[in-house]
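> fold the following for me, if possible:
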Amino acid sequence: MTSELTFEAQRPLKNNRSFVTLMVAQAISNLGDWLHLLAILTLVGIRWNATPWEITFVMLSAALPMLVTGPFAGALADRMNRKWLMIAADGARIVIVGALIFADQIWHVYILLVLKSLFDVIFSPAKNGKIKEIVPHEQLAQAVSISSVIEQLSKIIGPALGGLLVAAFGITWCFVLDSASFLISGIILLWIPGNRVIQTAIHNVTEVEEETAGNVHNRPKDSFWKETLEGIRMLASLPHVGTSLILLASAILFLQFADSQTVVLFRQLPGISSDLLGWCVAASGVGTLIAAMSVRKWKHAGHVMKMGLGTSLTGLVIGAAGMIVVAWPSAGLSAHLLLITLFALAGIGIGFAVVPFQILLQEQTPEAMTGRVFGTVGSVMTASNIMGPVAGGFMVTSFGVVPAFVCSGILLTLLGLIYLMKRNGKKVDLNDSIAAKTMTAGD
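Now for the predicted structure:
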């Protein structure tokens with residue numbers, strides 16, 4: 001048995017059939033997510049000419065279930081078969097997204113987004129836990145990077161394909177294709193193993209993971225509520241993760257001041273193209289893709305340093321985007337190209353802020369606790385995604401969209417400097433600390 005597991009750890013990820021199958025299913029599902037999101041923003045923000053607060057409520061409808069149910073969905077993912085949880089979530093979303101075709105009032109959109117988000121909450125921690133089940137610890141950083149690259153590629157392909165569908169066939173076909181994507185994803189997931197492939201305790205893992213994994217597998221099942229609280233306690237105990245999560249959640253909060261009102265910003269330029277939103281989202285995806293592919297290669301910088309530089313870059317770009325709308329006289333080709341470029345740079349910054357944290361979290365979380373930890377992280381991040389649009393809607397309504405973008409940029413830049421000061425205050429780099437623990441476990 002040990003020799004088989006050693007072989008799993010040595011073979012390339014591209015030869016890990018279970019991982020490749022999971023990533024194919026994720027790619028199809030992510031692609032559909034961006035198709036329907038762009039269609040909704042186009043429908044509500046441009047065709048229905050929604051107010052800033054109505055756009056905010058659209059964002060809240062998608063985010064609120066994650067805040068309320070994230071830790072519980074994580075505990076569910078640790079108790080039940082993760083493969084069948086993902087398939088069940090895909091099945092429910094086929095129906096929900098298909099119902100968006102018939103939505104003709106904005107409150108219909110609110111309700112359907114809440115329902116869809118409930119099953120997004122179930123799918124996400126189950127997927128992250130499944131990665132831990134089928135990928136050796138030594139390859140987790142690579143697996144997380146690949147998963148992030150897939151997410152960013154979907155941001156590039158999805159809006160472009162969505163724009164073509166809207167132009168050629170109408171918004172309805174975006175919803176049809178999105179619903180079909182969940183059907184295809186669910187079918188593909190049938191080919192991944194239902195049981196754990198990698199036995200975490202046999203591999204070289206951090207001291208925290210070894211101790212916790214042993215305790216979790218050897219003791220009787222606790223109540224559902226106790227298991228949920230254990231995920232929260234585990235997250236707080238992981239080295240460096242708790243403070244990094246607080247900083248990242250703050251960055252997402254400040255980013256959402258502006259990001260949730262991008263459609264309102266674009267409307268300030270006379271003659272703006274309705275396709276610009278899709279191109280900017282695609283450009284942001286290209287930027288984050290570049291960052292996801294570069295994070296692991298930039299080995300001389302620690303996780304926190306990368307997060308600080310990425311947050312500062314995002315802040316500078318967001319502030320600049322707001323100022324361009326003030327300075328530019330009209331929405332000509334040059335304005336379009338400049339905004340697309342700025343969104344690409346913002347995507348690079350976001351990638352360097354988020355991907356290192358995801359790697360750190362996967363490396364330090366025991367497999368048996370993955371669902372609960374990732375569910376709790378999802379709730380914390382969702383709280384930022386909820387408070388950010390609310391604050392952004394208030395700022396845009398009270399002071400205008402340009403001050404909201406400038407304020408967001410300043411706060412993000414300052415937060416990035418806090419990241420860097422936190423990193424410089426540490427005597428041991430995060431990557432070095434993790435490497436040292438892994439070597440110790442191996443000895």
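> what's the first helix or strand after the longest helix along the chain?
Longest helix in the chain by number of residues (criterion: DSSP state H): helix 333-364. Sequence order places helix 370-399 as the next helix or strand after helix 333-364, per DSSP states H and E.
> give me the angle between that next one and helix 333-364.
Angle of helix 370-399 versus helix 333-364, following axes from the mean of the first three to the mean of the last three C-alpha atoms, to 10 degrees, is 150 degrees.
> can you give me how far helix 370-399 is from the chain middle?
Its chain's C-alpha centre and that of helix 370-399 lie 12 Å apart, by C-alpha atoms, centre = their mean, to the nearest Å.
> packing partners for the longest helix of the chain?
If contacts are counted by 3 or more C-beta pairs under 8 Å, 6 or more residues apart in numbering; DSSP states H and E, helix 333-364 sits against helix 106-134, helix 140-168, helix 241-259, helix 276-295, helix 303-327, helix 370-399, helix 430-442. C-beta coordinates here come from the backbone N, C-alpha and C atoms, glycine included.
> among those, which gets the worst mean confidence?
For those, mean pLDDT drops lowest on helix 430-442, to a mean of 40.
> residue contacts, I28?
I28 sits next to 181, 184-185, 188 when contact means C-beta atoms under 8 Å, 6 or more residues apart in numbering.
> and of those residues, the nearest to Q268?
S181 (33.7 Å; C-beta to C-beta).
> buried residues in the helix or strand where the closest one lies, which are they?
S181 belongs to helix 172-189 when assigned by DSSP H and E. Neighbour-count burial for helix 172-189 flags 173-186, 188-189 (criterion: 16 or more other C-beta atoms under 10 Å).
> same check on stretch 95-107?
Neighbour-count burial for stretch 95-107, with 16+ other C-beta under 10 Å as criterion, is recorded at 96-100, 103, 106.
> one more: stretch 104-119?
106, 109-110, 112-119.
> is it possible to export the residues you listed to a markdown table including distance to W48?
Formatted as a markdown table, those follow (distance: C-beta to C-beta, whole Å):
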| residue | distance to W48 |
| --- | --- |
| I106 | 7 |
| V109 | 9 |
| Y110 | 13 |
| L112 | 15 |
| L113 | 15 |
| V114 | 19 |
| L115 | 20 |
| K116 | 19 |
| S117 | 21 |
| L118 | 24 |
| F119 | 25 |
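> pick the one among the residues you listed closest to G91.
For the buried residues of stretch 104-119, the nearest to G91 is F119 (8.7 Å; C-beta to C-beta).
> could you check how far the closest one is from H336?
36 Å (C-beta to C-beta, to the nearest Å).
> on that earlier part again, between the contacts of I28, which sits nearest G393?
Relative to G393, and with distances defined as C-beta to C-beta, the nearest of the contacts of I28 is S181, at 30.2 Å.
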